[in-house]
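> Curious how this folds, go ahead:
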Amino acid sequence: MLIYIGKVFLLFTVAVGGLHIMGKSTRLKVTPHDLVAIVMMAALATNPILVDDLWMTLLAVFLIAVIHLLYAKLTLYKWTNRFLLGEPTILVQHGKIIKANLQRCETSISELLAHIRARGYRDLREVQYVILEPTGELTVLPKDDLYPLTPRDVDLKMKNKGIALSLIVDGQIQRSNLKIINRDEYWLKQQLHEKGIRDIHKVLYAAVLDTPHELYIDDGQG
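Numbering: from 1, shown residues only. Modelled structure (predicted):
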């Protein structure tokens, strides 16, 4: 039993190390231990079909979950975080490509430019920094003069509009959200009647801002 536990732990650790060797470009918005846990659990889930040993498979799945939680806890510490996840890599600095970092991360210029365009920038000269995060995601930061103008930039004070809460989804009333805004079904039906809607089941989606209570209705007809 102990030998089996040791094998699972060793395989998990080796797989995480292998992903590090392959580089950040092989991952997308997940950490190495997340990806390994997902892949290993998926593989083990099919094990009882191939081998008639259900209990050992269940034990392995449990062990992987525990090891994954252990790795997640270790990433809270600076040194182990650097070892398990790595550090961000700057690919573009002040609008200039750092070729050595591109090669180290196995990212081509074509891939880099495609990611920049996907973020809405037409030209490399519009970009101040491009950073490859430990999760494999690219962060693109524009030059200062290309940042969108915000109310704070012009000393304009904005009222808090709150967050939209779904009140009706596929004709079903979301009662928990009604409680959040201290309203009831009677109030909701009144609001619908004022907009000429008598049958709640004909409403595909309805939402309201938690402050002020402005109701938005979509009947799904386009």
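> going forward, measure contacts between C-alpha atoms and count neighbours the same way
Noted.
> My reading is that residue 92 lies in a strand. Confirm?
Yes: judged by DSSP: H, G, I helix; E, B strand; the rest coil, residue 92 forms part of a strand.
> so after the helix or strand of the chain with the lowest mean pLDDT, what's the next helix or strand?
Lowest by mean pLDDT, DSSP states H and E among the helices and strands of the chain is helix 47-50, with a mean of 49. Using DSSP states H and E, the helix or strand that follows helix 47-50 towards the C-terminus is helix 54-74.
> mind exporting that following helix as PDB, just the C-alpha atoms?
Taking Å, rounded to 0.1, in the frame of the first residue of the first chain, the C-alpha atoms of helix 54-74 are listed here in PDB:
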ATOM      1  CA  LEU A  54     -12.000  -0.300  -8.200                       C
ATOM      2  CA  TRP A  55     -10.700   0.300  -4.700                       C
ATOM      3  CA  MET A  56      -7.100   1.000  -5.800                       C
ATOM      4  CA  THR A  57      -8.500   3.400  -8.400                       C
ATOM      5  CA  LEU A  58     -10.600   5.200  -5.800                       C
ATOM      6  CA  LEU A  59      -7.500   5.400  -3.500                       C
ATOM      7  CA  ALA A  60      -5.400   6.900  -6.300                       C
ATOM      8  CA  VAL A  61      -8.100   9.500  -7.100                       C
ATOM      9  CA  PHE A  62      -8.200  10.500  -3.400                       C
ATOM     10  CA  LEU A  63      -4.400  10.700  -3.200                       C
ATOM     11  CA  ILE A  64      -4.200  12.900  -6.300                       C
ATOM     12  CA  ALA A  65      -6.800  15.300  -4.700                       C
ATOM     13  CA  VAL A  66      -4.800  15.400  -1.500                       C
ATOM     14  CA  ILE A  67      -1.500  16.000  -3.300                       C
ATOM     15  CA  HIS A  68      -3.100  18.700  -5.500                       C
ATOM     16  CA  LEU A  69      -4.300  20.500  -2.300                       C
ATOM     17  CA  LEU A  70      -0.800  20.200  -0.800                       C
ATOM     18  CA  TYR A  71       0.700  21.800  -3.900                       C
ATOM     19  CA  ALA A  72      -1.900  24.500  -3.900                       C
ATOM     20  CA  LYS A  73      -1.000  25.300  -0.200                       C
ATOM     21  CA  LEU A  74       2.700  25.300  -1.100                       C
END
